[in-house]
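**Student:** Sequence and predicted structure are below.
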Amino acid sequence: MGSFHLTKMSLRNLFKKPATKMYPVIAPTFTPMTKGHVVNDIEVCILCGICEKKCPSLAITVDKPAETWIIDPFACIQCYSCIRTCPKDCLTMLPQYTGASTEKCSRSITKPELSPEDKAAQEIAAREKEARIAAAKAAKAAKDELANKE
Amino acid sequence: MGQRTVIPFGPQHPVLPEPVHLDLIIEDEKVIEAIPQLGFVHRGLEKLVQKKDYTAFVAVTERICGICSFGHSLGYSQTIEVLMSIEVPRRAEFLRVIWHELSRVHSHLLWLGLLADGFGYENLFMQCWRLRERVLDIFEATTGGRVILSACNVGGVNQDIFDEDLRGIVRVLDGMRGEFGELSKTFFRDRSVQNRLGGVGYLSKEEAQDLCIVGPFARASGVEEDIRSYGYGGYSALASFEPITSKRGDGYARCEVRAREVLQSMDIIAELVDKIPDTPLMTSVKGAPGADSIAVSRLEQPRGECFYYAKGNGTKYLERFRIRTPTSQNIAGMTKTLQGCDLADVPLNVLTIDPCISCTER
C-alpha cells in the first residue's frame, strides 16, 4: 500500500518527446505494410473482372467495353482480396490513406488510347490469332471426318 | 424503508464506450435491481452470412467489434475449417496465436486505461493507452492495419512475419514489461486504487458458475476456466498453461487478473516465437460446405469464451452462423453484482466486466 507510485514515470515523461503528434501539421508516418489505397497499373490490366467478383464490399467495377477500371475508395476496406487474386499482379496497395473529400466519388482509370502503330500491330496480332484458331478448327474437323470414315 | 425510484443509466454515459441501457431501481441510494436493455448497435451481421460468400464473410466477422476483431476472424475461420475438414499449416496456427495474444495485450491495456479513467486517475489512463500504442504499431508493421488486421483467412493466414521481425516483436514486448510493471504496481499497491476497487461488485465462485460467467470476470471469482488450456491451434505447442485466477471476486481481483494476463500473453508470444516452425501459410480452399454440415468452435477472446456455430447448405453461402459472445454471458453476472451496490459504484461495476456491446449485439 502507498501512494505516488506513478510519480517516477510522470517525471520521466516530462523530459521525453511527446507521445502524440500535431496532426495534420505533422504528417503521420506509415510502415511499408500500411494499408492505404489500391492502385491499378492499367497498362498491364487485362480487365478480367476477377477483382470485381472477389471484392467483399463491391467497391470495384470493371467496365470491359469502355476499357475502364473503377474503384470507390470510400467503399474499399483494404482487405487485399483483389490483390491476392489478380492474375496479372497489376494491383498494388499503397500506404497513403484516401484523402478527405466532400463527396463520395469513385476513381476510374481507362486504358490509354493506342498509337496508330500499336493499333495496327494489335489488329495484325488479332487477325493472326483468328487465322490460327480457324486453322486449328479446320484441322480438327478434317481429323474427325477421317476418323468417322474409318 | 425509503421510496423506490427508477434511474436510467446509459445508453450514453461517460464510462460506456458502447451503448447499453440499465434501469436501476434505487432505494436509499442502494440498487435493488438492474434491468438491462440491449439492441442499440444491432447490425444483423449473422443474417448477412446468407448473402456473402463464405470466404468473403471473414471481412464481415472482423468488423463485428473493433477490439476483438482478430479474434472473430480467427473464430470464424476455425469454424469453417472444422466444417470443411481443412487442415491449417502449423506456422499459420502459431502466427494466429501470436496476433491473438497481441490483441489480448492491447485489449487488456485498453480496459485497464478505461478503468483508471472510470475512477478518475487520468494519468494512469493515459500511460496505459500510450503503452497500448506500441502493440498497435506492431499490428501496423506486420499486417498493415492497426485495428482491422485482415490477416486471418479460411485455410491459414494471409501474411507471414519473418523470423527476424518476430524477434523484434519479442524485443518490443520485453521493453514494455518494465513500464507495464510500474503501471501494474500502481494498480496493485496504490491506496486510492485499492480503496476504490476493493469489495466493489463482489461475485462468489458459486454465483459465477450458476450464471455461466466466462473470461477474466469468472477467473477473478476463482473459476478456473480458460479455453486456451484445452490447447486448440498453436496453444498445443505451449509447455504449460495455467489460467490466472483470483479468489477475491471483486473489482480489484478483475483488475489483477487482467493485468497478470497481459504478462502471461507476452510469455506465450515469446515461447511461440522460439518454437515457430517453417511451413507454408495457407491451405488452398476449394468447394463449399456440405449440405446440413454443422460445426462448432470455441475460442478464448480477451473477454472470455466465445462460441461459434456454422451450418452449411451445399452452396458457397452458409445456412446459419451464430456467435455467442462473452459479454452476452457476463451481463447476467453484471446485474447480479449491481444488486445491493451503491449508486456511485454502478459505473465502476459496469466497467469491471469489460462489456463489449458491439460483439453482443452483432
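**Tutor:** That came through fine.
**Student:** so what's residue B:185 closest to, chain neighbours aside?
**Tutor:** The shortest distance from residue B:185 to any non-neighbouring residue, by CB to CB, 6 or more residues apart in numbering or on different chains, is to residue A:5 (5.3 Å). In short, each C-beta sits where N, CA and C put it, glycine included.
**Student:** okay, and the helix or strand of chain A with the least pLDDT?
**Tutor:** Least confident helix or strand, chain A: strand A:107-110 with a mean of 79, by mean pLDDT, DSSP states H and E.
**Student:** can you list the domains in chain A?
**Tutor:** A:30-112, A:113-150 (automatic domain parsing).
**Student:** can you put these in JSON lines and add mean neighbour count and distance to chain B?
**Tutor:** What follows is the domains of chain A, written out as JSON lines (neighbours: other CB atoms under 10 Å in any protein chain shown; distance: least, CB to the nearest CB, whole Å):
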{"stretch": "domain A:30-112", "mean neighbour count": "15", "distance to chain B": "4"}
{"stretch": "domain A:113-150", "mean neighbour count": "10", "distance to chain B": "31"}
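**Student:** right, and those domains - which one's nearest residue B:87?
**Tutor:** domain A:30-112 (20.5 Å; CB to CB).
**Student:** Now the terminal residues of that closest one, how far apart.
**Tutor:** 31 Å (CA to CA, to the nearest Å).
**Student:** tell me the mean pLDDT for the strand or helix carrying residue B:269?
**Tutor:** Using DSSP states H and E, residue B:269 falls within helix B:251-275. What helix B:251-275 shows for mean pLDDT is 90.
**Student:** picking up where we left off before, distance to residue B:90 for the domains of chain A - can I get that in JSON lines?
**Tutor:** Output for those, formatted as JSON lines (distance: least, CB to CB, whole Å):
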{"stretch": "domain A:30-112", "distance to residue B:90": "21"}
{"stretch": "domain A:113-150", "distance to residue B:90": "47"}
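**Student:** buried ones in stretch B:240-253?
**Tutor:** For stretch B:240-253, burial by neighbour count (16 or more other CB atoms under 10 Å in any protein chain shown) applies to B:241, B:243, B:244, B:245, B:246, B:248, B:249, B:250, B:251, B:252, B:253.
**Student:** Figure out how far it is from the centre of its chain.
**Tutor:** 16 Å (CA atoms, centre = their mean, to the nearest Å).
**Student:** is that stretch up against chain A anywhere?
**Tutor:** No - Stretch B:240-253 does not reach chain A (CB under 8 Å from any CB of the partner chain); its nearest approach is 12.3 Å.
**Student:** List the contacts of that stretch.
**Tutor:** By CB atoms under 8 Å, 6 or more residues apart in numbering or on different chains, the surrounding residues in contact with stretch B:240-253 are B:193-194, B:196-205, B:208, B:219-226, B:228-229, B:231, B:235, B:256-257, B:260-261, B:264, B:268, B:348-349, B:352.
**Student:** So which bits of stretch B:43-61 are buried?
**Tutor:** Applying 16+ other CB under 10 Å to stretch B:43-61 flags B:45-46, B:49, B:52-61 as buried.
**Student:** ok so, going back, tell me the contacts of the residue nearest to residue B:185?
**Tutor:** By CB under 8 Å, 6+ apart, the contact list for residue A:5 reads B:182, B:185, B:186, B:189, B:190.
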